[in-house]
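> Build me a model:
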Amino acid sequence: MLFYFALAVLCLDSVSSVDQFAHFKTLLRAKHAEKIRPRIDQIGRQADPCRLAAITGRQGYNSLVSSAERVLVKMKNTADSINVRRLEPEKKLSACATALKSSKDRTLNRAICAEALAHYIKRQESTADSVGRSSESATAWDELFGDLSESLTTDEIMNQLDIWDTASLGLLIDNTGSMADDIDQVSRIAEHFLKTDLHWDDTIYNFVIMSFGDPDYQEPTAYYEPTQAVNHVNDRIVASMGGDCPEMTCTAIEQMLSYSYMYSDSPIFVFTDASSKDCEEDLVRNVEDWAIDYSHTLNFVLTGTCGAEVDGNFTRLAGSTGGSIYRLEDDELYRMTDIVAESTEDSSYLAHDDYDNDWDYWQDGGDDDWKRKKRDTSLNDHFLIRRRRQAEFNTLSFYVDETVGRLTMQVTFQRHADRRLLDGISMSPQDNCNTHNQETGSRFGNIVHYAVHCPCVGEWQIKVPRSIDNSWTFSAKTFGDFSIGFDVDFEQAASNGNVEWTKQPCAGDTAKLVITLTQRDSIDEASRIDVLLNGESFDDIFRLRTRDNDKWYVDIKIPKVSFKVAVRGTTVAGNTFLRIHNTEIKPTTTCLKTENIQPSALTIKAGRDTTIIMSLENKFQTGEYRLYCFNDRQRDGFETNIERPRNRVHRVIDPDRLYYIFIKVKAPQAVDEGEVVNVWCVVRSINDRAIKSYRLMVTSIFD
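Residues are numbered from 1 along each chain as shown. Next comes the predicted model:
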């Protein structure tokens, strides 16, 4: 066992660090060595050649170190976009230290400390300019970390920044009378995590559990041990009441999304046998925007509906957040265990195909130029996926590169599928290689799910029988410690130059599309890297030429329609890699931008005011917009007031003009440091709306 441990530590020591975090990465590797010792022993006992090669550095970082680097790179990206007007690193250090000591909102903690990092970077640049040469002292992050270490331990800094980038698992459970058997099955799913490595590896940081019915719901509760989660489901969720079929589903989802211990980049599974009664457009938009902003995937596990079809709002929320709809019988719920566990791990799409419907094919007389139910995505033209029709099957092909540690493929039918469809699906590598640990696939409900460990490099195929009345989606994902992945953001500037990063850019604007690639050591940097954009009546391809550390970016004109983003390049081994972003980009036509926040974009002093100035613009329509601003801490004395326009109405008559909104947020005198207030502003016209949210942490009046 010492041999395996030595190999792993040697591998970690050999990894080149990001310059800005050199000293901190040394600490990360030391801390990680402590975490993985029992895992290396276990892998050695299992004698799994693929996993052993992975843990000893076959292709790059170990997963936890890689996750930590992604967090650090995100913070550096945030710091790069901050316009430092006054150089006050000591004050920003104080805010960062307060956040790490007192705030439970780790996403906000990262942002506050990234702002501090920006000031340290600026101070280093100023020092270098003053002496006419580059500074040879410690990096900006090393200086910030050193100053933080005077009042915080390394573990406290790592934990409060969520440096290991672990996820929550959200379980939202319908507790009406008809769900009794289903609740027992969900308990078995939670119990499964006692037997897996996901919790003990810190892949799952906590379990957030909530039950709902009509009209009541329990408040979300976070548990940090699987045993506690199981006990909650068994003891505190009791099926009762009910009556009319629809339930208050969207309200419950909104409550879970706003829960402070539900961390970003986390999956939520909704277990119900009913449709919703409260999913009005405004509430659905709130849920959708919140989930996209914080990278949550919404999955609906349905053992019934209030009609023949799935609630359209469930389909919309699952589709826009990268989730799925599962239609199962009561006794099939437990078979979701592996899929639920899989959702908590980092993954990227290798291929994705929207709903297919062979009825259109037969209506067109079997013509090869058949119409598709949604759209014939031209991503196919870029070889992200190739479709062929052979006899009674549709054959889908996609490419697997050498960085794919684990490959999963899933076909999800719109309705509960019969055995002909489920048993008729097959998958294989094109060259019939001897894939390690190839599985035959799980087939139940409306799902066929394959998982292949250490797949062969090359083209893979999956065959799906034709059906004229049960459409389907297909996806292939890559998991693993070393798989290439990417994130996408849009950098857009307000009229005063204030820069914001967003997942929902303003339609009609020219914005900077920023691609952040992981596992850059596996990418041939001399090769061409393309970003592919595809939506209804919109298709474009750009070559990424400009690079800053791990970021590649290009200026684009944001379309009005929703679109998908994919990245294509070449690995160091000369193989093509293809990745599709998990969620669809949904540009906003009514656009709110932050022009200025004083005195701080992320904090508010006890007993003092913070002023927020926003601009409103719509390049596509005119009309009357009403304004609403509020916060979630009014009962604790926080105030939010719209100062201008005084009648809370903007009449947008010129698409090329900006309309300004002035907001004042006031904190009470008697409030603890580290408390967080959420502020929302909504602008609404007859047929459109936009929302902007801010999180402010309370600091001392004397800072």
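> give me the number of residues near residue 274?
Using other C-beta atoms under 10 Å, residue 274 is surrounded by 23 other residues. Placement of C-beta: from N, CA and C, glycine included.
> Please look at it and residue 305 and confirm they touch.
Yes - assessed by C-beta atoms under 8 Å, residue 274 is found in contact with residue 305 at 7.0 Å.
> Break down the stretch 101-250 of the chain into its helices, ranges please.
106-131, 140-148, 154-160, 180-192, 226-236, 249-257 (DSSP state H, counting those that start in this stretch).
> What residues of the fifth one count as buried?
Of the residues in helix 226-236, those buried under the neighbour-count criterion (16 or more other C-beta atoms under 10 Å) are 226, 229-230, 232-233.
> do the same with the third one
Within helix 154-160, the residues that count as buried by 16+ other C-beta under 10 Å are 154, 157-158, 160.
> and that helix, what does it pack onto?
Applying 3 or more C-beta pairs under 8 Å, 6 or more residues apart in numbering; DSSP states H and E, we find helix 154-160 packed against helix 22-46, helix 89-102.
> Mean pLDDT lowest where, among the ones you listed?
Within these, confidence is poorest for helix 22-46, with a mean of 56 (mean pLDDT).
> can you put the buried residues of helix 154-160 in TSV and add pLDDT?
Converted to TSV, the buried residues of helix 154-160 look like this (pLDDT from 0 to 100):
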residue	pLDDT
154	79
157	85
158	80
160	82
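> Columns distance to residue 398 on top of those residues, output as TSV?
Below are the buried residues of helix 154-160 laid out as TSV (distance: C-beta to C-beta, whole Å):
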residue	distance to residue 398
154	43
157	41
158	37
160	40
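> With respect to residue 442, which of the residues you listed is nearest?
Of all the buried residues of helix 154-160, residue 442 sits closest to residue 158, with 36.8 Å by C-beta to C-beta.
> related to what we said a few turns ago, nearest to residue 408, out of the buried residues of helix 154-160: which one, please.
residue 158 (30.2 Å).
> Quick check: that closest one vs residue 145, distance?
Distance from residue 158 to residue 145, counting by C-beta to C-beta, to the nearest Å: 10 Å.
> ok, now residue 683?
41 Å.
> helices or strands up against the helix or strand where residue 694 lies?
Using DSSP states H and E, residue 694 maps to strand 689-699. Under the contact definition 3+ C-beta pairs under 8 Å, 6+ apart, strand 689-699 sits against helix 89-102, helix 106-131, helix 281-293, strand 590-598, strand 603-605, strand 609-618, strand 676-684.
> List the pairing partners of it within its sheet, with orientation.
strand 603-605 (parallel), strand 676-684 (antiparallel) (DSSP bridges).
> what pLDDT, on average, does the shortest one get?
Read that as strand 603-605. Averaging pLDDT along strand 603-605 yields 92.
> what comes into contact with it?
95, 112, 599, 610, 665, 667, 677, 696-701, 703 (C-beta atoms under 8 Å, 6 or more residues apart in numbering).
> Among these, which one lies nearest to residue 239?
Comparing the contacts of strand 603-605 against residue 239 with C-beta to C-beta places residue 677 closest, at 36.6 Å.
> tell me the contacts of the closest one?
Residue 677 neighbours (C-beta under 8 Å, 6+ apart): 604, 631-633, 638, 665, 667, 695-696, 698.
> Drop anything exposed from the contacts of strand 603-605.
Judged by 16+ other C-beta under 10 Å, buried ones among these: 95, 112, 610, 665, 667, 677, 696-699, 703.
> Redo those as CSV? Include distance to residue 545.
Shown next, in CSV, are the buried ones among the contacts of strand 603-605 (distance: C-beta to C-beta, whole Å):
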residue, distance to residue 545
95, 37
112, 33
610, 39
665, 41
667, 46
677, 42
696, 38
697, 38
698, 44
699, 42
703, 43
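> out of the helices and strands packed on strand 689-699, deepest packed?
strand 603-605 (a mean of 24; mean count of other C-beta atoms under 10 Å).
> how far does it sit from the chain's center?
28 Å (C-alpha atoms, centre = their mean, to the nearest Å).
> the helices in the stretch 401-550 of the chain, which residues?
419-424.
> for it, which spans come out with low pLDDT?
Filtered on pLDDT under 70, the stretch 401-550 of the chain yields the residue ranges 430-440, 480-481, 549-550.
> and with 80 instead?
Low-confidence segments of the stretch 401-550 of the chain (pLDDT under 80): 430-441, 453-454, 480-482, 518-521, 525, 535-538, 545-550.
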